[in-house]
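S.K.: okay, predicted coordinates and the sequence, questions at the end:
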Amino acid sequence: GENVEQHPSTLSVQEGDSAVIKCTYSDSASNYFPWYKQELGKGPQLIIDIRSNVGEKKDQRIAVTLNKTAKHFSLHITETQPEDSAVYFCAASSLGGGSNYKLTFGKGTLLTVNP
Amino acid sequence: NAGVTQTPKFQVLKTGQSMTLQCAQDMNHNSMYWYRQDPGMGLRLIYYSASEGTTDKGEVPNGYNVSRLNKREFSLRLESAAPSQTSVYFCASSEVKGRAGRTFGSGTRLTVV
């Protein structure tokens, strides 16, 4: 099955700096890569996703890049703000029958933005 | 819109007790999911329901049962709770064939003593 590795497990940055979180996946058939933000005491919230037919996607201060050859994808947050502090999860979905539903998550990155 | 609503938010059970976690979504999504979240383990899929009337096992189904009551509701039952089932449980739903982004509920924090 799919295996998703996420690094780093913790990341501390100063307000205004950029933050980068990286993930690798094992199944070359995976074609959908979402990122979730989880604030304390809440459920994960989808913030951006990318499909394998594109290499980069941006939404204001957030961007995701995908390298299918190397099987890795990254989340980039620019001009970080204290409200960006949260746990971020990457995920990947494999193709084929019921496995479409089995979104495999990384173990998460705790991002702390210091004012 | 409420999105995905889970009840209860907190629960303490004794080993061997049973309980049902409730989940309802108001987005007319076809697919629904139950995950558990443990420290350092990310989110692991317990069961999912691709559409009304169907359910399938996920990564960690042992000790759990589910019921897709109708399109809106998907419940998770622990028949005989064990301390290893202490976790935070999230229900989620999605729109099209499982490859769309999941919408998560706010979670149920379950402690089994």
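M.R.: Good, I have the coordinates.

S.K.: near chain A, which residues of chain B show up?
M.R.: Within chain B, the positions lying close to chain A (CB under 8 Å from any CB of the partner chain) are B:4, B:31, B:33, B:40-45, B:48, B:50, B:56, B:58-59, B:90, B:92, B:97-99, B:101-107. (Each C-beta comes from the backbone N, C-alpha and C, glycine too.)

S.K.: out of those residues, which end up buried?
M.R.: Among the residues of chain B next to chain A, those classed as buried by 16 or more other CB atoms under 10 Å in any protein chain shown are B:4, B:31, B:33, B:42-45, B:48, B:50, B:58, B:90, B:92, B:98-99, B:101-105, B:107.

S.K.: among those, which lie within strands?
M.R.: Residues of these located in strands (DSSP state E): B:4, B:31, B:33, B:42-45, B:48, B:90, B:92, B:103-104.

S.K.: any chance of a markdown table for the residues you listed, columns distance to A:Gln38?
M.R.: Below are those laid out as a markdown table (distance: CB to CB, whole Å):
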| residue | distance to A:Gln38 |
| --- | --- |
| B:Val4 | 14 |
| B:Ser31 | 20 |
| B:Tyr33 | 16 |
| B:Gly42 | 10 |
| B:Leu43 | 9 |
| B:Arg44 | 15 |
| B:Leu45 | 16 |
| B:Tyr48 | 20 |
| B:Phe90 | 10 |
| B:Ala92 | 12 |
| B:Thr103 | 13 |
| B:Phe104 | 8 |
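
S.K.: pick the one among those residues closest to B:Gln11.
M.R.: Ranked by distance to B:Gln11 (CB to CB), these are led by B:Phe90 at 14.1 Å.

S.K.: I'd say the closest one and A:Gln38 touch.
M.R.: No - counting by CB atoms under 8 Å, A:Gln38 is not a contact partner of B:Phe90; they are 9.5 Å apart.

S.K.: list the residues that contact both of the two?
M.R.: Residues touching both B:Phe90 and A:Gln38 by CB atoms under 8 Å, 6 or more residues apart in numbering or on different chains: A:Pro44.

S.K.: partners of the one helix or strand A:Phe33 maps to in the sheet?
M.R.: Using DSSP states H and E, A:Phe33 sits within strand A:32-38. Using DSSP bridges, the strands paired with strand A:32-38 are strand A:45-51 (antiparallel), strand A:86-93 (antiparallel).

S.K.: turn those into JSON lines, including mean neighbour count and mean pLDDT.
M.R.: As requested, those are exported to JSON lines (neighbours: other CB atoms under 10 Å in any protein chain shown; pLDDT from 0 to 100):
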{"stretch": "strand A:45-51", "mean neighbour count": "17", "mean pLDDT": "92"}
{"stretch": "strand A:86-93", "mean neighbour count": "24", "mean pLDDT": "94"}
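
S.K.: of the ones you listed, which is nearest A:Leu66?
M.R.: With CB to CB as the measure, strand A:45-51 is the member of the strands paired with strand A:32-38 nearest A:Leu66 (5.2 Å).
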